[in-house]
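**Student:** with the input below, show me the fold.
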Amino acid sequence: MSLSAITALSPLDGRYAAKLSTLRPIMSEHGYMHRRVQVEVAWFIALSDAGFAEFAPLSPGARSYLHGLVEHFSEADAKAIKDIEKTTNHDVKAVEYWIKSKFDARPELLRAAEFVHFACTSEDINNTSHALQLRAGRDQVLLPALDRIVDKLRAMAHQFAEVPMLSRTHGQTASPTTVGKELANVVVRLQAARAHIAGVALLAKMNGAVGNYNAHLAAWPDFDWEAFSKKVVESPEPQGLGLSFQPYSIQIEPHDYMAELFDATARANTILIDLARDVWGYVSLGYFKQKLKEGEIGSSTMPHKVNPIDFENAEGNLGLANALLRHLAEKLPISRWQRDLTDSTVLRNIGVAMGYAVLAYASLMTGLDKLELNGDALAADLDASWEVLAEPIQTVMRRHGVPGAYEKLKEVTRGQSVTREALHALIQSLEIPQQDKQRLLDMTPGSYIGKAAELARRS
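**Tutor:** Presented below is the predicted three-dimensional model:
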């Protein structure tokens, strides 16, 4: 059976392949190989500038050629590396051999070929490559997708800032809010979560087999290898890698920063699960209608249905993303002694975890773009819920020292269908200043929204 969107084992490369086209070049094995080549080239060029008599600085032409290997790395190049791996049975060694194969007919590079992968353990290349992948995936795909959701929600929060809506605490009618304020709550939460994701420093180590520069010092014992490695890791691209230097490690970088990044992403996803479920509920209540799409079918047997499938798909895929992200965060910082191989196979799934998150963000955006506010349903719910004014009435009664205010309102309203007339009769009977009495009489469930509109507009 040939591999295609129909035969793919993962829906990310099957049913949803088109929705993840921006992530695939970064987080796929092709993307991993590309970053490995980038790291090997950066290390090789830096060695030529280290001042060693055995490796003179490379000419501008050689540097340009090497940078071109990175800049123009293609799917055919990735396949060529995979073909070499069939013989080496070692993926990093295959990258090294592929780079050396590109030195043919270039005497300057051929003379220096043994400095490719010099003093490096495979993990020096792999951990830096993963950090480069994560930076690109986070900054170019995941955060922009999250920002689009935040921007959409903020626009909706401002648009509906003054539209009153009945709250439901414990599933029961409660003090009114506004549609915009409830969306603003999510905006503020997501902004904080996004800042945590963006703020995680991406670390990399290049310190040899067990983190002590053993091989490096065997070759040049008087050279400051730690400072050199730090420069390669932290210098801006293309001279370096533009990452943050990790000075202490075993054979592998400890992956604590990865756990921090994955936990932060999972936290944002949890907020979005909360949003998806709430919007699903509001659609069910009729607070929102969904724009119809020509030819789309909601049910195979019930033609009237317009199902909130985008929010359901988002919730499901966010759950998948978080299951993977949390396993990655819990597993990756743990390695037996100076290293075991369990991290290697697990790390190959970071793109899968990110893929489910990005897929969910796309579903959420599609769902949000379909929403249309149903003002009639919102107003009808409010008009049928005069009991929510028991709160302001008893609070004003307390202000003026009316004894047993809470108990009196509880007796009139708890578990009962409360009418406007019944509440007004109660208000008229109160011994409170006329100004406050009139204010309560003028109040409706739709006007009792506190600072909700102001808070929504401020988000």
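**Student:** so for stretch 209-224, mean pLDDT?
**Tutor:** Per-residue pLDDT over stretch 209-224 has a mean of 98.
**Student:** residues in contact with that stretch?
**Tutor:** Counting by CB atoms under 8 Å, 6 or more residues apart in numbering, stretch 209-224 makes contact with 50, 52, 118-119, 121, 205, 207-208, 225-226, 229, 248-251, 338, all of which sit outside it. In short, each C-beta sits where N, CA and C put it, glycine included.
**Student:** and those residues, which of them are in helices?
**Tutor:** Cross-referencing those with the helices (criterion: DSSP state H) gives Trp225, Glu226, Ser229 as the overlap.
**Student:** how many neighbours does the first one have?
**Tutor:** Trp225 has 21 neighbouring residues, counting by other CB atoms under 10 Å.
**Student:** likewise for the second one?
**Tutor:** Counted by other CB under 10 Å, the residues lying close to Glu226 total 15.
**Student:** quick one, strands of the stretch 301-450 of the chain?
**Tutor:** When secondary structure is read from DSSP state E, counting those that start in this stretch, the stretch 301-450 of the chain shows strands at 371-373.
**Student:** shaky segments in it?
**Tutor:** Per-residue confidence of the stretch 301-450 of the chain (counting by pLDDT under 70) places the weak regions at 301-305, 415.
**Student:** give me that answer again for 50
**Tutor:** Across the stretch 301-450 of the chain, the stretches falling below the confidence threshold (pLDDT under 50) are 302-304.
**Student:** which residue ranges of it form helices?
**Tutor:** Using DSSP state H, counting those that start in this stretch, the helices assigned to the stretch 301-450 of the chain run over residues 309-331, 342-347, 350-370, 375-383, 390-399, 405-413, 420-429, 434-442.
**Student:** now do the longest one against helix 350-370, angle only.
**Tutor:** When axes from the mean of the first three to the mean of the last three CA atoms, to 10 degrees is applied, the directions of helix 309-331 and helix 350-370 differ by 150 degrees.
**Student:** cool, and the fourth one?
**Tutor:** On the basis of the same axes, to 10 degrees, helix 375-383 is oriented at 90 degrees to helix 350-370.
**Student:** which strands and helices sit next to helix 375-383?
**Tutor:** Secondary structure elements in contact with helix 375-383, counted by 3 or more CB pairs under 8 Å, 6 or more residues apart in numbering; DSSP states H and E, are strand 164-169.
**Student:** which neighbours does the strand it packs on have in its sheet, and in what orientation?
**Tutor:** According to DSSP bridges, strand 164-169 forms sheet pairs with strand 172-178 (antiparallel).
**Student:** how far does the partner strand sit from its chain's centre?
**Tutor:** Counting by CA atoms, centre = their mean, to the nearest Å, strand 172-178 is centred 31 Å from the centre of its parent chain.
**Student:** picking that back up, JSON lines please, covering the helices of the stretch 301-450 of the chain and showing distance to Thr88.
**Tutor:** Converted to JSON lines, these look like this (distance: least, CB to CB, whole Å):
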{"stretch": "helix 309-331", "distance to Thr88": "27"}
{"stretch": "helix 342-347", "distance to Thr88": "16"}
{"stretch": "helix 350-370", "distance to Thr88": "24"}
{"stretch": "helix 375-383", "distance to Thr88": "65"}
{"stretch": "helix 390-399", "distance to Thr88": "73"}
{"stretch": "helix 405-413", "distance to Thr88": "77"}
{"stretch": "helix 420-429", "distance to Thr88": "81"}
{"stretch": "helix 434-442", "distance to Thr88": "82"}
